[in-house]
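Q: Sequence plus the predicted model coming up.
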Amino acid sequence: MNNPLINPGIGTFVWMLVSFGILAFILIKFGWPMILKSLQKREEAIADSLNEAAKAREEMKHLVAHNEELLREAKKERDEMLRNARLTSEQIVEEARVKATAEADRIVESARENINYEKLKAMHELKNQIANLSIEIAEKLLRAELSDKPKADALIQKELEQVHLN
């Protein structure tokens with residue numbers, strides 16, 4: 001078992017150690033700063049991302065608060081609009097009721113005036129009929145009285161005596 005990889009000789013060991021040292025030197029001199037620079041950039045990028053995430057979170061909180069405020073204002077405006085609509089409808093109903101009451105009062109008053117007019121007209125007609133009937137009755141009585149000639153002369157004489165001429 002003389003495998004040089006399992007049991008290396010001193011020369012192989014030294015050259016491997018020198019090769020490793022040169023490789024380590026090159027990596028430390030040129031690779032390590034690049035690796036550190038990359039890690040630092042990555043760390044800065046992560047920190048920036050975290051800061052931006054925190055800013056975004058804060059901004060989201062502000063947006064949520066702003067949205068809630070807008071929602072409250074919208075609800076307030078909606079309630080105000082509904083209240084105004086209710087008041088307007090109540091005013092319209094009240095105006096319609098007042099107009100209807102006024103119109104009903106006007107119609108009732110007009111009906112009363114018509115009734116009074118018709119009542120006066122009926123009374124006037126009744127008076128006219130009574131007067132006509134009285135005249136007809138008086139005419140019939142006078143005819144009956146005047147149908148007898150001596151009675152008629154006596155009545156005319158009596159009436160002439162009552163009238164005094166100046």
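A: Sure thing, it's come through. Just so it is clear, the model here is predicted, and its values are computed rather than measured. Numbering: from 1, shown residues only.

Q: So in the protein, where's the weakest helix or strand by average pLDDT?
A: The helix or strand of the chain with the poorest confidence is helix 149-162; it has a mean of 79 (mean pLDDT, DSSP states H and E).

Q: Report all helices and strands that it contacts.
A: Counting contacts by 3 or more C-beta pairs under 8 Å, 6 or more residues apart in numbering; DSSP states H and E, helix 149-162 packs against helix 32-146. All C-beta atoms are positioned from the backbone trio N, CA, C, and that covers glycine.

Q: Can you pull out the low-pLDDT segments for the protein?
A: Applying pLDDT under 70 to the chain picks out residues 1, 4-5, 164-166.

Q: quick one on the thing from earlier: now the angle from the least confident helix or strand of the chain to helix 32-146?
A: Computed by axes from the mean of the first three to the mean of the last three C-alpha atoms, to 10 degrees, the angle separating helix 149-162 from helix 32-146 equals 110 degrees.

Q: chain center to helix 149-162, what's the gap?
A: Here helix 149-162 is found 94 Å from its chain centre; the criterion is C-alpha atoms, centre = their mean, to the nearest Å.

Q: which other residues reach that helix?
A: Applying C-beta atoms under 8 Å, 6 or more residues apart in numbering, the contact partners of helix 149-162 are E145, L146.

Q: And stretch 27-38, by the same measure?
A: So stretch 27-38 is in contact with no residue, going by C-beta under 8 Å, 6+ apart.

Q: quick one: buried residues of it?
A: Within stretch 27-38, no residue qualifies as buried by neighbour count (16 or more other C-beta atoms under 10 Å).

Q: End to end on that stretch, go ahead and measure it.
A: For stretch 27-38, the first-to-last residue distance is 15 Å (C-alpha to C-alpha, to the nearest Å).

Q: chain center to it: distance?
A: Put simply, stretch 27-38 sits 73 Å off its chain's centre (C-alpha atoms, centre = their mean).

Q: And for stretch 127-147?
A: That offset, for stretch 127-147, works out to 78 Å (C-alpha atoms, centre = their mean).

Q: what's the neighbour count on D48?
A: D48 has 10 neighbouring residues, counting by other C-beta atoms under 10 Å.
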